[in-house]
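Participant: sharing a sequence plus its predicted fold:
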Amino acid sequence: MVFDHTGIISKSEEEAMRFYQGLLGLEKIKESVVAAELCQQLFSVSEDIKMLVFGKGNIKVEIFIIPDWNPSTPNIPHFCIQVPDLPEFIEKTKAAGARVIKGSYNEKTVYFIQDFSGNRIEIKPL
């Protein structure tokens, strides 16, 4: 079995571009619209939804643009990426205006970043 992609929601195409292409360095590899009929069948949403796909190497993220979306509470769903230089990446994230979340327990520290729509991504050193 091989993990193919993750799908998430963003409130705006511009914020998705700024975060996933600008900050994470992923390439926009596809842009399309998922027809309302298919959205209804798969997601119980009866409207067309624009989808952007970003990827690089073995990472692929499908981003569905839904302007009035709000993340659920508690905000637990996430995916994890490994970065070559964790401290440098954290500083780059902060400089881009994205939120960095740090948690510590029993001498273990866990880092998450939050995109501009509230999605959380765990980050670990490579």
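Facilitator: On my side now, so go ahead. Numbers count the residues shown, from 1 in each chain.
Participant: which residue sits closest to residue 20, ignoring its sequence neighbours?
Facilitator: In space, and not counting its chain neighbours, residue 20 is closest to residue 54: 4.4 Å by CB to CB, 6 or more residues apart in numbering. All C-beta atoms are positioned from the backbone trio N, CA, C, and that covers glycine.
Participant: direction included, what does the host helix or strand of the one you found pair against?
Facilitator: According to DSSP states H and E, residue 54 maps onto strand 49-56. Here strand 49-56 is paired, per DSSP bridges, with strand 27-34 (antiparallel), strand 59-65 (antiparallel).
Participant: check which helices and strands the lengthiest helix in the chain sits against.
Facilitator: When the chain is parsed with DSSP state H, its longest helix is helix 86-95. Taking 3 or more CB pairs under 8 Å, 6 or more residues apart in numbering; DSSP states H and E as contact, the helices and strands that helix 86-95 lies on are strand 99-105, strand 108-114, strand 120-125.
Participant: got the angle for the last one vs strand 99-105?
Facilitator: Put plainly, it is strand 120-125. Using axes from the mean of the first three to the mean of the last three CA atoms, to 10 degrees, the inter-axis angle of strand 120-125 relative to strand 99-105 is 70 degrees.
Participant: what residues sit buried inside strand 120-125?
Facilitator: Going by neighbour count (16 or more other CB atoms under 10 Å), the buried part of strand 120-125 is 120, 121, 123.
Participant: okay, the residue located most distally from the centre of the chain: pLDDT?
Facilitator: Seen from the C-alpha centroid of the chain, the residue lying at the greatest distance (CA atoms, centre = their mean) is residue 106, 28.0 Å away. For residue 106, the model assigns a pLDDT of 94.
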